[in-house]
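Engineer: Everything below, folded, please.
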Amino acid sequence: MDKIIKDINNVLQTKITHMFVGGEIVASEKSSILLKKYIKDNFESPKKDLKGYLIRISIDEKEKNVVSVNCVQVTLTPKLFIGPKDDDAFQIFTYTEKELLDNGFKMSHIKKMMKAVKNNLVSFEKPSISITQLLKKTSK
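Structural biologist: Numbering: from 1, shown residues only. All right, here's what the predicted structure looks like:
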């Protein structure tokens, strides 16, 4: 399990909030507050609202779902405000130990999570979606 956790951190560091815009990481900070401050201090204002995704990975080896990935769609406004708007959504994606062994943890999974939230490919009524369900939905 230690190797799996190390592999996850090689893909995307855990316990940190990462912001993606256009499929690329634009900022990573320990909290959403620090992330918002970083964006305000280091970004040029976009001309129009941009969609972004906040990704945070949690690991709890005592749980059935060992890894949880929070994927929140947000809007970055010309005033550099980051937050959810009416058309934004979020979902939690989970991995069991078996799913980690079978599928690994890849950046392509993170991109599929963002795509699934953006295009409403998963149910938002369920509290979470397993990586197996996500991969089945996005492989079509």
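
Engineer: The helix or strand hosting residue 36: which residues count as buried?
Structural biologist: Following DSSP states H and E, one finds residue 36 within helix 32-42. Of the residues in helix 32-42, 32, 35, 36, 39 count as buried by neighbour count, 16 or more other Cβ atoms under 10 Å. (Glycine included, C-beta is placed from N, CA and C.)

Engineer: Check the spacing between the most centrally placed residue in the chain and residue 24 real quick.
Structural biologist: The centre of the chain sits closest to residue 55, judged by Cα atoms, centre = their mean, with a distance of 2.8 Å. To residue 24, residue 55 is 12 Å away according to Cβ to Cβ, to the nearest Å.

Engineer: now the helices for the chain?
Structural biologist: When assigned using DSSP state H, the helices of the chain occupy the ranges 2-11, 32-42, 97-103, 107-118, 131-138.

Engineer: how near is the residue nearest to residue 68 when sequence neighbours are not counted to residue 85?
Structural biologist: Leaving aside its sequence neighbours, residue 68 sits nearest to residue 58 (Cβ to Cβ, 6 or more residues apart in numbering; 4.7 Å). Per Cβ to Cβ, residue 58 is found 25 Å from residue 85.

Engineer: Neighbour count: those two, which is higher?
Structural biologist: Set residue 58 next to residue 85 and count neighbours by other Cβ atoms under 10 Å: residue 58 wins out with 15 against 12.

Engineer: doesn't residue 67 make contact with the more buried one?
Structural biologist: Yes. Assessed by Cβ atoms under 8 Å, residue 58 is found in contact with residue 67 at 7.2 Å.
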